[in-house]
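**Q** Task: produce atomic coordinates for the following.
(chains A, B and C)
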Amino acid sequence: MREPDLPEPGLVAIPAVIAAVRERAPLVHCITATVSMALVADGLLAAGARPMMTETAAEAPAMTGLADALLVNLGTLSTDGAQGISPTVARSTAAGHPWVLDPAAVGAGPVRGALAQELLGHRPDVIRGNASEILALAGRGRGGRGADSVDTPAQAREAARDLASRSGGVVAVSGPADLVTDGAREVHVNGGTPLLTRVTGTGCLLGALTAACVAVADPWHGAIAAAAWLALAGEQAAAAAPGPGSFRVALLDELDALTAAEIAARLELT
Amino acid sequence: MREPDLPEPGLVAIPAVIAAVRERAPLVHCITATVSMALVADGLLAAGARPMMTETAAEAPAMTGLADALLVNLGTLSTDGAQGISPTVARSTAAGHPWVLDPAAVGAGPVRGALAQELLGHRPDVIRGNASEILALAGRGRGGRGADSVDTPAQAREAARDLASRSGGVVAVSGPADLVTDGAREVHVNGGTPLLTRVTGTGCLLGALTAACVAVADPWHGAIAAAAWLALAGEQAAAAAPGPGSFRVALLDELDALTAAEIAARLELT
Amino acid sequence: MREPDLPEPGLVAIPAVIAAVRERAPLVHCITATVSMALVADGLLAAGARPMMTETAAEAPAMTGLADALLVNLGTLSTDGAQGISPTVARSTAAGHPWVLDPAAVGAGPVRGALAQELLGHRPDVIRGNASEILALAGRGRGGRGADSVDTPAQAREAARDLASRSGGVVAVSGPADLVTDGAREVHVNGGTPLLTRVTGTGCLLGALTAACVAVADPWHGAIAAAAWLALAGEQAAAAAPGPGSFRVALLDELDALTAAEIAARLELT
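**A** The predicted structure is shown next:
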């Protein structure tokens, strides 16, 4: 096994985060897009975590205390979900649980824009989005094309640093290589495959994996570990899958199969 | 084909229940968790039944008359679903259709707790849940960890018998071996695979298969047949699938492929 | 490559419609059934298009302008979706975008019946449904059995022509062979496989593919291209898949893999 060539010594701990998710099986409360709910839940299960998906204002705040971490993804943003989000975040943070904000399609819809700004005030431990979403959330862009980015992580670099400073957390920008920053430090997670953009909800799944990782690690290492896990599982899956349908299946198998040793050997952080 | 070793002679009829589902293709009205709706519908189709998924108070009661049986799963419990459930159950039972209650995550959320108690008054033909849900529904436990049980079927044995007596129906407790009771009789359905817990909604699917089976058979034989069908299909799928993604795919294939002769030969009831 | 034997010369352009979808990657706004939302989105991605799935009255009208076409499928018809549909259609047509109406289960529920009639007034570019739905929408039948047709495309032929005349658009009737008419012309798209009826949401996916095709072509060629694309991908998938679970996976792979040359060679229009 080669020694990974890492931009800072602490990152040698990344495979241990993934091992801790499998060992502790954190319960992740997900308020997320309807369209990708099943992939998010199946992805968490494949990773060794557990999902909980309730989103109504009547139940989500009462149930979030059972969980170890919370994911809020603005996704399809049903009326049920929109009403349940703020009280759930308030209850979750009051209980001391970490949470991840995925500002899906922010910039495109009027409700999600205002809600995302309000949620920033609850200081998410990690914000995960594509470059257009990070730019829009930082007030520097008008959002992407639906769920798709029209910008690159490099273009969102300053916006990501700003948001990290404002929220006091970590910001992860998805792209061909993911950019993760806490405002001071910055790392690129290389790898992945274009097939990840041919399956609905892989970005949402990354948000959920991030929540699982920050349930067992600090936001900096958690966000990097989640990005690396999905990228490496995606690479492995792409090698075996002839198309997007079989890639989705193989991705779940690889989230389960990838060993800590494989992750350590193949991790590419710059 | 070996003669199955069964705890009572009537259980030799179990494979015939499965054959009847395939022959009569019952239409099962499902009010169920958003996260597993697709698996539930695809599982019913694979089994030879047909799904109908509308849940609003405006339409579900009016449409349930078209169906042959009803499944109510408290799952994610959207506001739409929560409002549609009681009038739909009332209309369905008035039409003489059998129905199955799956008290998912009961004990964890305030709305589902009260609703589940109210629904018990409508005398479900079968109640299907994991051990923690059955205990919570019987007023003997505080529920599980989200969708996961923290108790064993053996621990829920008395609660299951109580509920069967109160509801006048059958209670099926999922676990490594499923326990089915009508308050007097009791049988264990052995088999299955831990991979069933690595895919979202296999419990919900069992509820739906149970509804399909009670559309063509009495609740006692229907509940046992559904549990055996899923367990044997799961075993077969696990033999071929390297991970949770491919297991989900193979499970659907096996629900379709399993023959009555295979079921008779491999059925393990104790 | 054999010269296809086509009922009219213009149909030689069908493979070019599919190539244009892949080249232009139209963004399709889908208001569709919850149960099949993931298949619809994954199918669009596999075909080379892009999905956008928001449905609330608060956001769907504001976001539909980003898209290139709109699909309205009455499917599970959540309260959120029901309220968002009319204003979204109004905004989309005002922006000059083509739209497709899939009157799922019309005839069965009271809300969808009235809503479908109202939507006819917005002149959908294509109406796609099974025979029972087309008959019910035309006021000539009482609908099917949930999502299933109890009639054949031949029985719905006059109803389809009527609807095409009333709406000024194209009507596509799904069945063993799909019937497409604009009121004057008529063509049958042959092919497909019974496995398409063993997976939830393949009809919804056809509606979405139709929307993707009418984003890049006129409604007549778009509706035919979408029907041919799904039928040929389905045939190819059925050849490789042992059951409904693996068929669903292979269908997505084949939507992606099918080349324009294969489509031209295998197209069967009569």
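
**Q** Do a quick rundown of the helices in the stretch 1-150 of chain A.
**A** A:14-24, A:37-47, A:60-63, A:79-94, A:110-120, A:131-137 (DSSP state H, counting those that start in this stretch).

**Q** who wins for proximity to chain B among the ones you listed?
**A** The minimum distance between chain B and these falls on helix A:37-47, with 3.9 Å, by C-beta to the nearest C-beta. Just so you know, the C-beta spots here come from the backbone N, C-alpha and C atoms, and that holds for glycine as well.

**Q** Report the backbone C-alpha coordinates of the closest one in PDB.
**A** C-alpha atoms of helix A:37-47 as PDB (Å, rounded to 0.1, in the frame of the first residue of the first chain):
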ATOM      1  CA  MET A  37     -35.100  10.000  -1.200                       C
ATOM      2  CA  ALA A  38     -34.700   6.300  -2.000                       C
ATOM      3  CA  LEU A  39     -31.100   6.700  -3.300                       C
ATOM      4  CA  VAL A  40     -30.200   8.800  -0.200                       C
ATOM      5  CA  ALA A  41     -31.600   6.200   2.100                       C
ATOM      6  CA  ASP A  42     -30.200   3.200   0.300                       C
ATOM      7  CA  GLY A  43     -26.800   5.000   0.000                       C
ATOM      8  CA  LEU A  44     -26.700   5.600   3.800                       C
ATOM      9  CA  LEU A  45     -27.600   1.900   4.400                       C
ATOM     10  CA  ALA A  46     -24.900   0.800   1.900                       C
ATOM     11  CA  ALA A  47     -22.400   3.000   3.700                       C
END
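
**Q** Report the rounded mean pLDDT for that helix.
**A** The average of the pLDDT scores along helix A:37-47 is 98.

**Q** wait, does that helix make contact with chain C?
**A** Yes. Applying C-beta under 8 Å from any C-beta of the partner chain, one finds helix A:37-47 touching chain C at A:38-39.

**Q** That helix vs helix A:14-24, what angle?
**A** With axes from the mean of the first three to the mean of the last three C-alpha atoms, to 10 degrees as the basis, helix A:37-47 and helix A:14-24 are set at 100 degrees to each other.

**Q** Can you give me the buried ones in helix A:37-47?
**A** A:37-47 (16 or more other C-beta atoms under 10 Å in any protein chain shown).

**Q** okay if I get these as TSV plus distance to chain B?
**A** Listed next are the buried residues of helix A:37-47 as TSV, based on distance: C-beta to the nearest C-beta, whole Å:
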residue	distance to chain B
A:Met37	4
A:Ala38	6
A:Leu39	9
A:Val40	8
A:Ala41	4
A:Asp42	5
A:Gly43	9
A:Leu44	8
A:Leu45	5
A:Ala46	5
A:Ala47	10
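
**Q** Taking those, tell me the two that lie furthest apart.
**A** Based on C-beta to C-beta, the longest span within those runs between A:Met37 and A:Ala47 and measures 15.8 Å.

**Q** can you list the helices of the stretch 1-150 of chain A in CSV and add distance to A:Asp218?
**A** As requested, these are exported to CSV (distance: least, C-beta to C-beta, whole Å):
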stretch, distance to A:Asp218
helix A:14-24, 9
helix A:37-47, 18
helix A:60-63, 25
helix A:79-94, 16
helix A:110-120, 20
helix A:131-137, 21
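
**Q** I'd like to know which of those lies nearest to A:Val72.
**A** With C-beta to C-beta as the measure, helix A:79-94 is the member of these nearest A:Val72 (5.6 Å).

**Q** quick check: mean pLDDT across that closest one?
**A** 96.

**Q** Just checking that helix against chain B, any contact.
**A** Yes. Judged by C-beta under 8 Å from any C-beta, helix A:79-94 comes into contact with chain B through A:79-80.

**Q** Tell me the residues of the stretch 101-250 of chain A that contact chain C?
**A** Counting by C-beta under 8 Å from any C-beta, the stretch 101-250 of chain A sits next to chain C at A:105, A:108-112, A:145-148, A:197-201, A:242-246, A:248-249.

**Q** Please list all residues in contact with A:Val28.
**A** By C-beta atoms under 8 Å, 6 or more residues apart in numbering or on different chains, the contact list for A:Val28 reads A:44, A:49-52, A:67-71, A:208, A:211-212, A:215.

**Q** Check it and give its pLDDT.
**A** pLDDT, A:Val28: 98.

**Q** Nearest residue to it in space, please, no chain neighbours.
**A** Once flanking residues are discounted, A:Val28 sits nearest to A:Ala211: 4.8 Å by C-beta to C-beta, 6 or more residues apart in numbering or on different chains.

**Q** count of residues packed around the one you found?
**A** 35 (other C-beta atoms under 10 Å in any protein chain shown).

**Q** if I look at it, how far off is A:Leu45?
**A** Going from A:Ala211 to A:Leu45 by C-beta to C-beta, to the nearest Å gives 14 Å.

**Q** Tell me how far the nearest residue to A:Thr193 once chain neighbours are set aside lies from chain B.
**A** Ranked by C-beta to C-beta, 6+ apart and with sequence neighbours excluded, the top spatial neighbour of A:Thr193 is A:Ala238, at 4.0 Å. Per C-beta to the nearest C-beta, to the nearest Å, A:Ala238 is found 14 Å from chain B.

**Q** mind checking the SS state of A:Val180?
**A** Three-state call for A:Val180 (DSSP: H, G, I helix; E, B strand; the rest coil): strand.

**Q** per-residue confidence for it?
**A** pLDDT recorded at A:Val180 is 98.

**Q** my guess is it meets A:Ile224, correct?
**A** Yes. Contact criterion C-beta atoms under 8 Å: A:Val180 and A:Ile224 qualify, at 5.3 Å.

**Q** Now for the residue most central in space within chain A: which residues touch it?
**A** The residue lying closest to the centre of chain A (C-alpha atoms, centre = their mean) is A:Gly207, at 2.0 Å. Going by C-beta under 8 Å, 6+ apart, A:Gly207 touches A:32, A:40, A:71, A:73, A:100, A:102, A:128.

**Q** returning to that earlier point: which element is the residue nearest to A:Thr193 on?
**A** Here A:Ala238 sits within helix A:219-240, counting by DSSP states H and E.

**Q** The residue nearest to the centre of chain A should be in a helix, yeah?
**A** Yes. Assigned with three-state DSSP, A:Gly207 falls within a helix.

**Q** give the contact list for the closest residue to it other than its chain neighbours.
**A** Of all residues not flanking A:Gly207 in the chain, A:Asp102 sits nearest, at 3.8 Å (C-beta to C-beta, 6+ apart). By C-beta under 8 Å, 6+ apart, A:Asp102 lies in contact with A:32, A:71-75, A:127-129, A:203-204, A:207.

**Q** which among the contacts of A:Gly207 gets closest to chain B?
**A** A:Val40 (8.1 Å).

**Q** what about that closest one, distance to C:Val126?
**A** 32 Å.

**Q** what's the answer for A:Gln83, then?
**A** Distance, A:Gln83 to C:Val126, using C-beta to C-beta: 35 Å.

**Q** who's more crowded, those two?
**A** C:Val126 (29 against 16).

**Q** Residues in a beta bridge with the more buried one, which ones?
**A** With DSSP bridges as the criterion, C:Val126 is bridged to C:Val100, C:Val170.

**Q** roughly how far apart are it and chain B?
**A** Counting by C-beta to the nearest C-beta, the gap from C:Val126 to chain B is 24 Å.

**Q** picking that back up, what residues are shared contacts of A:Val180 and A:Ile224?
**A** Counting by C-beta under 8 Å, 6+ apart, the contacts common to A:Val180 and A:Ile224 are A:187, A:189.
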